[in-house]
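Undergrad: Here is the input, now give the coordinates:
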Amino acid sequence: MTTIRLAHDTDGPAIAALIAKVFAEYEDCPFLPAEFPELAAPASHYAVRNGALWVAEAGDRIVGSFALYETWDKGIFALAKVYLALDCRGNGIAADFLSRAEAFAAERGGQALTLWSDTRFASGHAFYRKHGFQQEAGVRQLHDVAKTVEFRFCRPIGAGAR
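TA: Numbering: from 1, shown residues only. This is a model prediction of the structure:
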């Protein structure tokens, strides 16, 4: 059984392990903890940004993470740390995360959701499109060790799956 809860700052190492496993699914996509300093206190990191971080647990293992924070543009909330263990995909956990995050943003006056996603994460892009996100033109490069290039997705709050 999988349960979803708000993250604690002590979840950082388990979230880092989850991200490392997801990155390992892709060629030339190394995980370097130094590139994720927010994992030292992940719940606090998002809380001070008018956001939250949720985790999915299966037994004593964190199998998913999903964060949300308000951007500098009032009413625009960004999704982040969207990761799900391979054996947990396709069973509604990501949709549950998204529903919680959208409700959280709406309660705070949110008008739109946005996110950046690595161009390699095609299954994630399909999930976003299924849930009403539109891919915007262009990409951004992070200049990190994995040579990450990302697409941007956006949708109004309440648009949901079409």
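
Undergrad: residue ranges with poor pLDDT in this structure?
TA: 161-162 (pLDDT under 70).

Undergrad: quick one, phi/psi of E70?
TA: For E70, the backbone dihedrals (degrees, to the nearest 10) come out as phi -80, psi 130.

Undergrad: From R120, how far off is it?
TA: Shown here: E70 relative to R120, a distance of 27 Å by C-beta to C-beta, to the nearest Å. Any C-beta I mention is one placed from the backbone N, CA and C, and that applies to glycine too.

Undergrad: for this structure, what's the longest helix?
TA: Criterion DSSP state H: the longest helix present in the chain is helix 93-107.

Undergrad: elements contacting that helix?
TA: strand 2-6, strand 52-58, strand 61-70, strand 76-84, strand 112-118 (3 or more C-beta pairs under 8 Å, 6 or more residues apart in numbering; DSSP states H and E).

Undergrad: Tell me the bridge partners for T114.
TA: A78, C154 (DSSP bridges).

Undergrad: ok, and for stretch 49-67, which residues are buried?
TA: If you call a residue buried by 16 or more other C-beta atoms under 10 Å, then stretch 49-67 has these buried ones: 49-57, 62-67.

Undergrad: My error: substitute stretch 87-103 in the last question.
TA: Result for stretch 87-103 [16+ other C-beta under 10 Å]: buried residues 88, 93-94, 96-98, 100-102.

Undergrad: between those, which is nearest E38?
TA: A101 (16.6 Å; C-beta to C-beta).

Undergrad: ok, and the closest non-adjacent residue to the closest one?
TA: L68 (4.2 Å; C-beta to C-beta, 6 or more residues apart in numbering).

Undergrad: Test my guess that that neighbour contacts L79.
TA: Yes: L68 is within contact range of L79, at 5.8 Å (criterion: C-beta atoms under 8 Å).

Undergrad: Find the residues that touch each one of these two.
TA: Residues touching both L68 and L79 (C-beta atoms under 8 Å, 6 or more residues apart in numbering): 101, 113.

Undergrad: before we move on, the earlier item: return the closest of the buried residues of stretch 49-67 with respect to R129.
TA: F66 (17.3 Å).

Undergrad: Quickly list what the closest one is bridged to.
TA: Under the criterion used (DSSP bridges), F66 bridges to W54.

Undergrad: Dump the helices and strands packed on helix 93-107 to JSON lines, plus distance to G132.
TA: Below are those laid out as JSON lines (distance: least, C-beta to C-beta, whole Å):
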{"stretch": "strand 2-6", "distance to G132": "21"}
{"stretch": "strand 52-58", "distance to G132": "20"}
{"stretch": "strand 61-70", "distance to G132": "16"}
{"stretch": "strand 76-84", "distance to G132": "13"}
{"stretch": "strand 112-118", "distance to G132": "9"}
